[in-house]
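In: sequence? don't have it. structure:
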């Protein structure tokens, strides 16, 4: 069976960027930037994006494009006989499933809030009532299950239509809308009275704040954010590499994707800080920012219901673009590994993904007594920890070592694949850096995630 291909370069860039752009761009990046010294943090973040994120992204794309296979089979295709690099394929697959076990639930929250906001359910509610609405949503297993099933079913249905007609077509539309909506929301945020204070807090370098939280802490936080924002290590990028032609170098494509991802992260801050400061509300991070702080802000705004509805469409799209990309990886693995048709892989995974997502849903209500990571923690926290602190960084380290050591695919083969086509070339001189320094940075990141 001939391998499917993406119809356009734009499709590839938007799909890969859609995979990278996720909830963390909005509920984590702006808050952390504000906390760790604003513009100073942003500069460090950009430095680590170039120094760590982009090189590993080119490696994941190179393995995908050279093998023309999904993560389970790509290492088998390229490794020397008798080697065991292909075992990373199974770790990556576990990462894809585990990521979807909680990401589908959180995307369901976005969808439900979009509906609530559109129906005007938040209008006239005070801070306590908004917080109560979030809590009652979490405590209702039926609402969470239905929202999660809608997300999974929609994602699988789009994947079942095909790579070009389904995944690529829908992601293109969704990403263009996402970028359009985020710009409208940012312009609205920045034109509010009192918005300038928020902009200063967010973007002006604040060395004092950086000293207060600790310079080393700031550097590690920037490194973390830059690396994890790109969703590397589980083959979610490699799968799109396997669907593209060799007309363009992989460094150029990786830079385009990193630029789009960073644009969304930074512009999210231009929505959140000016808007929160304009209404004297302290910006928070994580779910409370999205589901408690911002609905309160929209309540104070003229036309808040419209702005709030737009914001939750944007959030649903940013979560759903990641889900589509990872679903495509999962479905493609079923096709590669068991020689299933696309439809069969979709049907089997529809059931599997719904069942696997239920523990996260029940972790907030029926199984809330189970607190795996200590007081107040949930099943979602455990799943998130395993993906973010174990599978993503270890998977990325394996991609790196596979591409730079003679025991793996080897630096020369990686460089040749990455530099095939027109565009930015990776210089040969990078060899020392990627072989001896970058692995140490990744190991530090792993250790910090476990013991930090």
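Out: Structure received. What you are looking at is a predicted structure, and each value in this text was computed from that prediction instead of being measured.

In: beyond the longest helix seen in the chain, next helix or strand please.
Out: When the chain is parsed with DSSP state H, its longest helix is helix 304-338. For helix 304-338, the succeeding helix or strand toward the C-terminus, using DSSP states H and E, is helix 342-362.

In: other SSEs contacting that following helix?
Out: helix 87-118, helix 141-161, helix 304-338, helix 379-385 (3 or more CB pairs under 8 Å, 6 or more residues apart in numbering; DSSP states H and E). Placement of C-beta: from N, CA and C, glycine included.

In: about what we covered before: buried sites along the longest helix of the chain?
Out: 304-305, 307-337 (16 or more other CB atoms under 10 Å).

In: and for stretch 397-410?
Out: Buried residues in stretch 397-410 (16+ other CB under 10 Å): 397-404, 408-410.

In: mind checking pLDDT for the nearest residue to residue 217 once chain neighbours are set aside?
Out: Closest residue to residue 217 apart from its sequence neighbours, by CB to CB, 6 or more residues apart in numbering: residue 36 at 7.4 Å. pLDDT for residue 36: 90.

In: repeat that for residue 17.
Out: Value for residue 17, per-residue pLDDT: 95.

In: so what's the closest residue in space to it that isn't next to it in sequence up against?
Out: Closest residue in space to residue 17, ignoring its immediate chain neighbours: residue 260 at 4.0 Å, by CB to CB, 6+ apart. With contacts defined as CB atoms under 8 Å, 6 or more residues apart in numbering, the neighbours of residue 260 are 13-14, 17, 20-21, 179.

In: contacting residues for residue 7?
Out: 164, 168.

In: how does it look with 6 Å?
Out: residue 164 (CB atoms under 6 Å, 6 or more residues apart in numbering).

In: what's the following helix or strand after the helix or strand of the chain at the bottom of the mean pLDDT ranking?
Out: Using mean pLDDT, DSSP states H and E, helix 286-288 stands out as the lowest-scoring helix or strand of the chain, at a mean of 85. Going down the chain from helix 286-288, the next helix or strand is helix 294-300, by DSSP H and E.

In: CSV for the contacts of residue 260, including neighbour count, secondary structure and distance to residue 388?
Out: Output for those, formatted as CSV (neighbours: other CB atoms under 10 Å; DSSP: H, G, I helix; E, B strand; the rest coil; distance: CB to CB, whole Å):
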residue, neighbour count, secondary structure, distance to residue 388
13, 22, helix, 25
14, 26, helix, 24
17, 24, helix, 20
20, 28, helix, 14
21, 32, coil, 16
179, 19, helix, 26
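
In: number of nearby residues for the nearest residue to residue 286 once chain neighbours are set aside?
Out: If the residues on either side of it in the chain are set aside, residue 286 comes closest to residue 27, at 5.5 Å by CB to CB, 6+ apart. Neighbour count for residue 27, taken as other CB atoms under 10 Å: 23.

In: mind starting the numbering at 373 from now?
Out: OK, 373 is where the count begins now, so the last one is residue 399.

In: now do the buried residues in stretch 551-558.
Out: For stretch 551-558, burial by neighbour count (16+ other CB under 10 Å) applies to 551, 553-554, 557-558.

In: for those residues, which one is nearest residue 535?
Out: Closest approach to residue 535 among the buried residues of stretch 551-558 (CB to CB): residue 551, at 22.2 Å.

In: where's that closest one relative to residue 393, distance?
Out: Between residue 551 and residue 393 the distance is 10 Å, computed by CB to CB, to the nearest Å.

In: same check on residue 558?
Out: Counting by CB to CB, the gap from residue 558 to residue 393 is 15 Å.

In: that older thread, export the helices and strands packed on helix 714-734 to CSV and tack on mean pLDDT and distance to residue 744?
Out: Shown next, in CSV, are these (pLDDT from 0 to 100; distance: least, CB to CB, whole Å):
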stretch, mean pLDDT, distance to residue 744
helix 459-490, 96, 13
helix 513-533, 98, 18
helix 676-710, 95, 23
helix 751-757, 95, 4
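
In: could those helices go into CSV alongside distance to residue 566?
Out: Shown next, in CSV, are the helices and strands packed on helix 714-734 (distance: least, CB to CB, whole Å):
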stretch, distance to residue 566
helix 459-490, 23
helix 513-533, 35
helix 676-710, 16
helix 751-757, 34
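
In: the longest helix of the chain vs helix 513-533, what angle?
Out: 60 degrees (axes from the mean of the first three to the mean of the last three CA atoms, to 10 degrees).

In: how far does helix 676-710 sit from the chain's center?
Out: Centre-to-centre, helix 676-710 and its host chain are 10 Å apart (CA atoms, centre = their mean, to the nearest Å).

In: tilt between that helix and helix 459-490?
Out: Using the same axes, to 10 degrees: helix 676-710 against helix 459-490 is 160 degrees.

In: for helix 676-710, name the packing helices and strands.
Out: Applying 3 or more CB pairs under 6 Å, 6 or more residues apart in numbering; DSSP states H and E, we find helix 676-710 packed against helix 381-392, helix 443-450, helix 459-490, helix 513-533, helix 541-562, helix 666-672, helix 714-734.
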